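K.L.:
okay, here's the prediction I keep looking at, along with the sequence it came from:
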Amino acid sequence: MGISSLFKQTALRLPDKVAIEFEDQRVTFREIDLQANKAANAFHGIDIIKGDRVAQYIPNSLELVYSLVGNFKNGSIVVPMNIGFKEQEIHHILSDSGAKVVITDMERLPIVRNIAGKLKDLKHIILVDGKEQGTYSFNELVKNASDKESNVLIKDEDHSIIFYTSGTTGKPKGAALNQINITSNVKALAQAWKWTEDDVFLLTLPLYHIHGIGVALCGSLYIGNFTILRKKFVAEEALETIQKRKVTLFMGVPTMYFKLLEVEGLEKYDLSSIRLFVSGSAPLSKDLFYKLKKAFGHEILERAGMSESMMNFSNPYDGERIPGSVGPCLPGVKVRITDKNFNDIPAGTEGEILIKGPNVFNGYWSKLKYNKEVFKDGWFVTGDVGKVDEKGYVYIIGRSKDVIISGGINIYPREIEDIVESMPQVKECAVVGVPDKEFGESVKAYVVLSPGETLAEDDVVDYCKEKLASFKKPKFVEFLDALPKNTMGKILKEELRKMHKGK
């Protein structure tokens, strides 16, 4: 069953229930379904058909929701783009995907116009908040379109959305997910997290990322809960909303949880309505896990996924949530830990993480040669290094490319980061390998201190010597005001390596 069919079932089951509240607007599931029908037919009216790529370059809005579901109904393929991206980044994604249309707003229109003439496949620009010469108005297109079902035949193997990877190593690649990749995963998450139509969900994640669109929005439209959608995350406003609207479900990235902890007078907010805080998109440190538990009275449920597969692992809703672990496999997902030759290795041993399941994509968009390298006998080679314990809990230690090889010995940055972040004065830490003439690579720790705290480099090194084998201690320590991150809070380690090279 296709994604739009799942959403249609919700609209038939709960037609008059308010699905989404955005700013001063409240729309029901039936209204979303009808507006999406109009969007699907409007796309068809300008020759956007099944298989065409439609890029979204807009902030959170109801227009984004209507467009997304309309694309699913129309059979066209959604290409979400980070609203913070500039010309070079946008040009790459539009060119690589062969997008036929880009949906954007007045703020970002100049960027699109500057590159539109260089893109042979781009035919239309659609504006969600106005109209200018050479563009279409989304609202006018939808207003004049039929609200009847488009009746496009959608198959399980048809692509639905292309998520471009974060691009932390080279240019982003388009992970092309099909219908079954997404439908199987939202069903698995509903089961794993006991997510129901009774939930009140505060959604502050950006709807250009797999966490925001694939998990949060698609999950909500399938399950039928009430969603309070915000344009962006504001920590104090989020706490106020949780208290006032009796929110039961919140999803965030570690950076957002850091900001919640920093709100002055945090203890005055009543968060008793919350049944589940979920964290993902970047590693949640053990230190932050315990700080959040103390502040919120909740153990944050950490899960892990990727653009290529939606969600793979999750700590249990009922059962032990282990800090530092992303939990067991979600229903339908399988995992292997192997050596570099892809031979299975014993539980508790660190190695390459391979996954298989209905959620896993078939390959990157237009990268046939590369796709042969990232699949081994039907298993996707994730590029992550980790281990699985005897209970089946998965621990992601880092990316294969981030492993530091010093004097022929493998050193995993995550282990050192956890130790440094256990220092009371430290807010965050990132560890990378830097060139070393004698050992090949040496360990360097970039450290962000908590407000008002001080440490010397030797303090960090000596602390690590007490907790770790001597060869793992940092040779270099540098203090920063903040770590470089992408918009989802993932630390950009390549930027840190460049910073060292520049010294």
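P.N.:
Perfect, thanks for sending it.
K.L.:
mean pLDDT per helix and strand in this protein: which one sits at the bottom?
P.N.:
strand 409-411 (a mean of 79; mean pLDDT, DSSP states H and E).
K.L.:
three-state assignment of the residue of the chain most remote from its centre?
P.N.:
Note on the chain: the largest C-alpha distance from the chain mean falls to E438, namely 38.8 Å (Cα atoms, centre = their mean). Three-state assignment for E438 (DSSP: H, G, I helix; E, B strand; the rest coil): coil.
K.L.:
buried set for the least confident helix or strand of the chain?
P.N.:
Neighbour-count burial for strand 409-411 flags I411 (criterion: 16 or more other Cβ atoms under 10 Å). (C-beta placed from N, C-alpha, C; glycine too.)
K.L.:
for the residue farthest from the centre of the chain, which non-adjacent residue is closest in space?
P.N.:
G407 (7.9 Å; Cβ to Cβ, 6 or more residues apart in numbering).
K.L.:
got a list of what I46 touches?
P.N.:
101, 124, 136, 141 (Cβ atoms under 8 Å, 6 or more residues apart in numbering).
K.L.:
identify the farthest-apart pair in those.
P.N.:
For the contacts of I46, the maximum inter-member distance is 10.9 Å, found between V101 and L141 (Cβ to Cβ).
K.L.:
higher neighbour count, those two?
P.N.:
V101 (25 against 18; other Cβ atoms under 10 Å).
K.L.:
next, the closest residue to that one other than its chain neighbours: phi, psi?
P.N.:
With sequence-adjacent residues excluded and distances taken as Cβ to Cβ, 6+ apart, V101 is closest to H124, at 4.2 Å. The phi and psi torsions at H124 (degrees, to the nearest 10) take the values phi -140, psi 150.
K.L.:
so H124 touches Y136, yeah?
P.N.:
Yes: counting by Cβ atoms under 8 Å, Y136 is a contact partner of H124 at 6.2 Å.
K.L.:
could you list the residues in contact with the lengthiest helix in the chain?
P.N.:
Of all the segments assigned as helix in the chain under DSSP state H, the longest by residue count is helix 29-45. Residues outside helix 29-45 that contact it (Cβ under 8 Å, 6+ apart) are 4, 7-8, 10-11, 14-17, 19-20, 27, 54, 62, 65-74, 76, 101, 138, 141-150, 152, 221, 224.
K.L.:
SS state for V448?
P.N.:
strand.
K.L.:
contacting residues for it?
P.N.:
If you count contacts by Cβ under 8 Å, 6+ apart, V448 has them with 426-429, 479-483.
K.L.:
mind checking which of the residues you listed are buried?
P.N.:
Buried among those by 16+ other Cβ under 10 Å: 426-429, 483.
K.L.:
go through those and say which is closest to L260.
P.N.:
K427 (14.0 Å).
K.L.:
you'd agree that closest one is in a strand?
P.N.:
Yes: when three-state DSSP is applied, K427 is found to be in a strand.
K.L.:
roughly how far apart are it and I300?
P.N.:
17 Å (Cβ to Cβ, to the nearest Å).
K.L.:
repeat for K143
P.N.:
Per Cβ to Cβ, K143 is found 43 Å from I300.
K.L.:
more neighbours: these two, which one.
P.N.:
I300 (24 against 10).
K.L.:
isn't the more buried one up against L284?
P.N.:
Yes: with contact defined as Cβ under 8 Å, I300 and L284 form a contacting pair (6.4 Å).
K.L.:
for stretch 430-445, buried residues please.
P.N.:
Buried residues in stretch 430-445, defined by neighbour count with 16+ other Cβ under 10 Å: 430-434, 436, 439, 441-445.
K.L.:
contacts for that stretch?
P.N.:
Contacts of stretch 430-445 (Cβ under 8 Å, 6+ apart): 402-408, 411, 413-414, 416-417, 420, 429, 446, 460, 464, 472-478, 483, 491, 493, 496-497, 500.
K.L.:
hmm, try it at 6 Å
P.N.:
The contact list for stretch 430-445 (Cβ atoms under 6 Å, 6 or more residues apart in numbering) reads 404-407, 413, 416-417, 420, 429, 446, 474-477, 483, 491, 493, 496-497, 500.
K.L.:
contact partners for V326?
P.N.:
V326 is in contact with 302-304, 313, 394, 396, counting by Cβ under 6 Å, 6+ apart.
K.L.:
got it, and L455?
P.N.:
L455 sits next to Q425 when contact means Cβ under 6 Å, 6+ apart.
K.L.:
doesn't E415 belong to a helix?
P.N.:
Yes: E415 sits within a helix when classified using three-state DSSP.
K.L.:
pLDDT score for the most centrally placed residue in the chain?
P.N.:
Geometric centre of the chain, nearest residue: H211, 3.7 Å, by Cα atoms, centre = their mean. Looking at H211, its pLDDT reads 93.
K.L.:
likewise for L207?
P.N.:
96.
K.L.:
in which helix or strand does F163 reside?
P.N.:
For F163, the host element (DSSP states H and E) is strand 159-164.
K.L.:
can you list contacts of stretch 245-263?
P.N.:
Stretch 245-263 is contacted by residues 199-202, 216, 233, 235-236, 239, 273, 275-278, 281-282, 284, 292, 295, 488-489 when judged by Cβ under 6 Å, 6+ apart.
K.L.:
neighbours around D459, how many?
P.N.:
15.
K.L.:
quick check: next helix or strand after the helix or strand encompassing it?
P.N.:
Per DSSP H and E: D459 is located in helix 457-467. Next helix or strand after helix 457-467 toward the C-terminus (DSSP H and E): strand 476-479.
K.L.:
okay, buried residues for that next one please.
P.N.:
Buried residues in strand 476-479 (16+ other Cβ under 10 Å): 476-477.
K.L.:
now swap in stretch 3-22 and tell me
P.N.:
3-4, 6-8, 10-11, 14, 19-22.
K.L.:
do the same with stretch 236-245
P.N.:
So stretch 236-245, judged by 16+ other Cβ under 10 Å, has buried residues 238-239, 241-243.
K.L.:
give me the pLDDT for H91.
P.N.:
94.
K.L.:
wait, isn't it in contact with I115?
P.N.:
Yes: H91 is in contact with I115 according to Cβ atoms under 6 Å; the separation is 4.6 Å.
K.L.:
ok so, going back, now the contacts of V448 as CSV including pLDDT and distance to W379?
P.N.:
As requested, the contacts of V448 are exported to CSV (pLDDT from 0 to 100; distance: Cβ to Cβ, whole Å):
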residue, pLDDT, distance to W379
V426, 95, 37
K427, 94, 37
E428, 94, 33
C429, 94, 32
F479, 97, 41
L480, 96, 38
D481, 95, 41
A482, 94, 37
L483, 94, 32
